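Participant: coordinates only, no sequence provided:
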């Protein structure tokens, strides 16, 4: 869809549906906001120049409609069987209410639709799907979540699937998808540890994802082998791109290490260190395939071509400033925020 009034309209209704869900004081109002959000995003996904968007939008609509219908059925059933809209804080209630919301957000093992939908979208829609579309389901999950075996299973499954699933991928969209699933497990764990901790994690994750997608969109890159030829006047952009990827993986000197540091510190103070050990090990697996991409691109397969295409330097300069601010200030911000926290 081109930049026209229809796109502005659908973006406005998408954001309004998000705010309706967040500010609603009843589950029916929250469900209504989710539906407005869904029906606003479907037209934004459609692009007549890309044949894959039709399949992706149909898959996304079917999965989200299924999850919304399950959520509506659960809300109506529980409001009839129990007192009106007052759910008891039990493991069964939390599990039943969280399942359709976890499906909407793409948490493992309910993630089967996420990689295929991401593969057929443009970079701008990929950013919306990985960040904005997850706010409302995660906010609703935070209302009902409590520490039980089901939530721990979801957390461990998301972290393991997100780490192992992106191991042999060559598509950058799928790598970011499985990274998103891995980060989703960390966010759900952050919900258990503190009321606002997952918001800090989600904010930093969204900023790093935005920085990466801005570079990918400006350079029109979709696969790993295309990153090998980013050289000459774009060497700085190439360095900052992979620094941002390493930051997203959680390498300590960068900004992406901050939310994981906060979650690990809180876990060691509150829960068993066994779960935190599994999460750290799986995070190292994700960091490994980011390091593998960076190593091969910089050292093994780095070459200078005799001619290059001209690019929009103003756009790249703004990206350089954005990425460098996110990546180089990570250690300072981590020390500052952890001291305050």
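Facilitator: Right, received. Where do you want to start? Owing to the predicted nature of the structure, the values given are computational and were not obtained by experimental measurement.

Participant: my read is that residue 189 contacts residue 154, right?
Facilitator: No: counting by CB atoms under 8 Å, residue 189 stays clear of residue 154, with 9.8 Å between them. From N, CA and C alone the C-beta is placed, and that goes for glycine too.

Participant: those two: who's more crowded?
Facilitator: residue 189 (27 against 24; other CB atoms under 10 Å).

Participant: what about the more buried one, distance to residue 140?
Facilitator: As for residue 189, its distance to residue 140 is 17 Å (criterion: CB to CB, to the nearest Å).

Participant: phi, psi of residue 194?
Facilitator: Main-chain dihedrals, residue 194, degrees, to the nearest 10: phi -160, psi 150.

Participant: quick one: contacts for it?
Facilitator: Contacts for residue 194 (CB atoms under 8 Å, 6 or more residues apart in numbering) come out as residue 266.

Participant: chain center to the host helix or strand of residue 215: distance?
Facilitator: Counting by DSSP states H and E, the element that carries residue 215 is helix 197-219. Taking CA atoms, centre = their mean, to the nearest Å, one finds the center of helix 197-219 at 8 Å from the center of the full chain.

Participant: elements contacting it?
Facilitator: Packing partners of helix 197-219 (3 or more CB pairs under 8 Å, 6 or more residues apart in numbering; DSSP states H and E): helix 123-127, helix 133-144, helix 172-193, helix 235-249, helix 257-270, helix 313-328.

Participant: for residue 33, which of those helices is the nearest?
Facilitator: When those are compared by CB to CB, helix 133-144 sits nearest residue 33, at 6.5 Å.

Participant: could you point out which element follows the closest one?
Facilitator: helix 149-165.

Participant: quick one: buried residues of that next one?
Facilitator: For helix 149-165, the neighbour count (16 or more other CB atoms under 10 Å) marks 150-152, 154-163, 165 as buried.

Participant: give me the contact list for that helix.
Facilitator: Outside helix 149-165, the residues that reach it (CB under 8 Å, 6+ apart) are 91, 94-95, 98, 102, 107-109, 111, 115, 145, 178-186, 188-189, 192, 275, 278-279, 282-283, 285-286.

Participant: packing partners for the helix or strand encompassing residue 76?
Facilitator: Secondary-structure assignment from DSSP H and E places residue 76 in helix 52-81. Here helix 52-81 touches helix 27-45, helix 91-105, helix 114-119, going by 3+ CB pairs under 8 Å, 6+ apart.

Participant: quick one: stretch 149-162 to chain centroid distance?
Facilitator: With CA atoms, centre = their mean, you get 16 Å for stretch 149-162.

Participant: again, but for stretch 57-73
Facilitator: The chain centroid and the centroid of stretch 57-73 are separated by 19 Å under CA atoms, centre = their mean.

Participant: for that stretch, which positions count as buried?
Facilitator: For stretch 57-73, the neighbour count (16+ other CB under 10 Å) marks 57, 59-61, 63-64, 67-68, 70-72 as buried.

Participant: same thing with stretch 34-51?
Facilitator: With burial defined by 16+ other CB under 10 Å, the residues of stretch 34-51 counted as buried are 34-41, 44-45, 47.

Participant: flag the shaky bits of the stretch 51-200 of the chain, pLDDT-wise.
Facilitator: Judged by pLDDT under 70, the stretch 51-200 of the chain has its weakly predicted residues at 82-90.

Participant: now with 50, please.
Facilitator: Residues of the stretch 51-200 of the chain that meet the criterion pLDDT under 50 lie in 84-85.

Participant: ok, the stretch 201-341 of the chain next?
Facilitator: 308-309.

Participant: how about 80 then?
Facilitator: Applying pLDDT under 80 to the stretch 201-341 of the chain picks out residues 219, 227-240, 253, 270-272, 296-341.

Participant: separate out the buried members of the contacts of helix 149-165.
Facilitator: Buried among the contacts of helix 149-165 (16+ other CB under 10 Å): 94-95, 98, 102, 107-108, 111, 115, 145, 178-186, 188-189, 192, 279, 282-283, 285-286.

Participant: distance check, residue 49 against residue 122.
Facilitator: Counting by CB to CB, the gap from residue 49 to residue 122 is 9 Å.

Participant: find the residues that touch each one of the two.
Facilitator: Joint contacts of residue 49 and residue 122 (CB under 8 Å, 6+ apart) do not exist.
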